[in-house]
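[1] build me a model from this:
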Amino acid sequence: MSQLHLHLLSDSTGETLEVVAKACLAQFDGVEAVRHFWPMVRSEGHLDRVLDDIERRPGLVLFTLVSPHIRRELEQKCRKRNIPAVSALDPVIDALAAITGQAAKARPGRQHALDAAYFARVDAIQFTIAHDDGVGSENWEEADLVLAGVSRTSKTPTSIYLANRGFKVANIPLVPEAPPPPNLFTVKHPMVVGLTTNPDRLIQIRRNRLLALNQVEETNYVDAEAVSSELAFARRLFADHGWPVIDVTRRSIEETAFAIVKLCDERSEKGAA
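    Numbers count the residues shown, from 1 in each chain. This is a model prediction of the structure:
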C-alpha cells in the first residue's frame, strides 16, 4: 500500500475539498491518504506558513481559492518549491493517477460505496450525544477525543461538528467545586484537548445565555473574579497533565474543529514514527 500526503487548502472551511478528495480517492486501490486540512487561508503570510509545513511533508496540494491574488501566489510558490498543486474537481483524478501510477477505474458513483464510513459517522454522532456534558465517563476509553473546558467554551457544538466528521467525542465541563472523574486523567486511547477563552468574552457569552433563559444576571457565573478563577483552574489542569490547549476566543466552531483535527493528525504521525 502506497502512502500519499494530501494537503487540502481553502480560503473557507475546506468541507468541499474534503468531499472532492474522498470521491477521487475512491477511484484508486491500495493508496493510504494522510489528509492535512488548511482552512481559512486568506493572506500571503498565512499561505507562506502553510507552504513551509507542506514542504516538510510533501505530497499533493488541492485547493479552492476565490482570491485571484492568493491563488496566483500559491501556484507560483508551489512551482518554485517543486510542490504539485491543482484546483479541485476535474484535475484531481488526473493528478492522483500521475502520483500513484494507476489509471482511474472510471467507476461512476464509486464514492457512494462508502457504507462503512456512513455508519461509522452515525455511530460517532450517537456516541457523542450520549457523552455530552460529562455523561458516561465510564465509556470514555471508547472515544477518539475528550474535550474539557469551563462552561460555555463551545464544547458541545464542537463535539457535534467533529462527530459529523466521524470522531467519537466526549466532553466535560471543568468546575473547581466539582472535580472531574478520575478516569479523565487515565484514559489512554482518546486525546484530551483543553478549550479555553478570554474571560471578558466568556462573561459576555454567559450573560447572553442567562438573558435567553430569563435568569438573574448577577451571579458568580458572570462575576469577573469568579470567571477568571475558573479559567485559571482549567489552565492549571491542562498544564499539569500536558494536554494540548486551544483558545476558542476568536475561532468559529469550524476553525476550532479543524485545529483539533490537526492535533489528531500530528499525534497519529508521531505514533507512526
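[2] which stretches of the stretch 151-273 of the chain form strands?
    Chain-ordered strands for the stretch 151-273 of the chain, with DSSP state E, counting those that start in this stretch as the definition, fall at 169-173, 191-196, 245-247.
[3] tell me how many other residues surround the residue nearest to Ala88 when sequence neighbours are not counted.
    Spatially, and ignoring its direct neighbours in sequence, Ala88 is nearest to Val20 (4.8 Å; Cβ to Cβ, 6 or more residues apart in numbering). For every residue, glycine as well, the C-beta is placed using N, CA and C. The number of residues packed near Val20 is 20, by other Cβ atoms under 10 Å.
[4] swap in Phe185?
    A count of nearby residues for Phe185, using other Cβ under 10 Å, gives 12.
[5] wait, what's in contact with it?
    Applying Cβ atoms under 8 Å, 6 or more residues apart in numbering to Phe185 gives the contacts His241.
[6] and the longest helix for this protein?
    Counting residues, the longest helix found in the chain (DSSP state H) is helix 253-272.
[7] how is this protein carved up into domains?
    Domain ranges of the chain: 2-112, 115-272, per automatic domain parsing.
[8] how about JSON lines for these, with mean pLDDT added?
    As requested, those are arranged in JSON lines below (pLDDT from 0 to 100):
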{"stretch": "domain 2-112", "mean pLDDT": "84"}
{"stretch": "domain 115-272", "mean pLDDT": "92"}
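[9] verify the stated contact: the residue nearest to Ala88 with Val86.
    No - the pair Val20 / Val86 is not scored as a contact, 10.7 Å apart, by Cβ atoms under 8 Å.
[10] common neighbours of the two, please.
    Applying Cβ under 8 Å, 6+ apart, one finds that Val20 and Val86 are jointly contacted by 62, 92.
[11] which strands or helices does the longest helix of the chain pack on?
    Helix 253-272 is packed against strand 31-38, strand 145-149, helix 155-164, strand 191-196, strand 245-247, with contacts defined by 3 or more Cβ pairs under 8 Å, 6 or more residues apart in numbering; DSSP states H and E.
[12] and with 7 Å instead?
    Applying 3 or more Cβ pairs under 7 Å, 6 or more residues apart in numbering; DSSP states H and E, one finds that helix 253-272 contacts strand 31-38, helix 155-164, strand 191-196, strand 245-247.
[13] let's have these in CSV, adding distance to Ala124 and mean neighbour count.
    Listed next are the helices and strands packed on helix 253-272 as CSV, based on distance: least, Cβ to Cβ, whole Å; neighbours: other Cβ atoms under 10 Å:
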stretch, distance to Ala124, mean neighbour count
strand 31-38, 17, 18
helix 155-164, 5, 22
strand 191-196, 15, 22
strand 245-247, 20, 17
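[14] looking at those, spot the one closest to Cys264.
    Checking the helices and strands packed on helix 253-272 against Cys264 by Cβ to Cβ gives strand 191-196 as the closest, at 6.3 Å.
[15] strand partners of that closest one, parallel vs antiparallel please.
    The strands beside strand 191-196 in its sheet (DSSP bridges) come out as strand 145-149 (parallel), strand 245-247 (parallel).
[16] out of the strands of the stretch 151-273 of the chain, which is closest to Val61?
    Proximity to Val61 (Cβ to Cβ) singles out strand 245-247 among the strands of the stretch 151-273 of the chain, at 24.8 Å.
[17] which residues are in contact with the closest one?
    Outside of strand 245-247, the residues within contact range by Cβ atoms under 7 Å, 6 or more residues apart in numbering are 193-197, 238, 256, 259-260.
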